[in-house]
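S.K.: fold the following.
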Amino acid sequence: MPAKHAAGHEASREAEAARDYLLEQGVSPEVIVLENSGLDTWQSMQGVAQLLPADHRRILLVSDGFHLLRLKLMARDVGLVPAVSAAPKSPIWHWGPAEGFYVVREVAAIAVYLRQTR
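M.R.: Predicted structure coming up:
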């Protein structure tokens, strides 16, 4: 599932760019699932779970390292079996100027998600 942002058309372009990157890296098109209708992480996870057949629940999630825990929790909650990998070329780097903001934002998002689902 290529990642996306809550900006509709941008989400579609980002999902398609991620698909194109995977194809350039030699990933077979038959194993790529393009989910570009979700407007946030939860909607995207739900969309992926609906797209995949019941006998194909194992997925690889690639995102910024700080976002992987919430992705993994959500994937499990919709019945997927996730493996995760931090994106090596993330624009948010360790000790970078934006890292603190995103870490705090993600901790808050995890807390809200767990409160709503547990």
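
S.K.: in the longest helix anywhere in the chain, what's buried?
M.R.: Determined from DSSP state H, the single longest helix within the chain is helix 99-117. For helix 99-117, burial by neighbour count (16 or more other CB atoms under 10 Å) applies to 99, 102, 106, 109, 113. The C-beta positions use only the backbone N, C-alpha and C, and glycine is treated the same way.

S.K.: so which other helices or strands are in contact with it?
M.R.: Using 3 or more CB pairs under 8 Å, 6 or more residues apart in numbering; DSSP states H and E, the elements in contact with helix 99-117 are helix 68-77.

S.K.: what does the helix it packs on contact?
M.R.: Helix 68-77 is contacted by residues 41-42, 45, 48, 59, 61, 63, 81-82, 84-86, 106, 109-110, 113-114, 117 when judged by CB atoms under 8 Å, 6 or more residues apart in numbering.

S.K.: let's verify the closest residue to Ser37 other than its chain neighbours: helix, strand, or coil?
M.R.: Setting aside the residues directly before and after it, Ser37 is nearest to Gly47 in space (CB to CB, 6 or more residues apart in numbering), at 5.5 Å. Reducing the assignment at Gly47 to three states with DSSP: H, G, I helix; E, B strand; the rest coil gives helix.

S.K.: model confidence over stretch 91-99, on average?
M.R.: Computed over stretch 91-99, the mean pLDDT rounds to 78.
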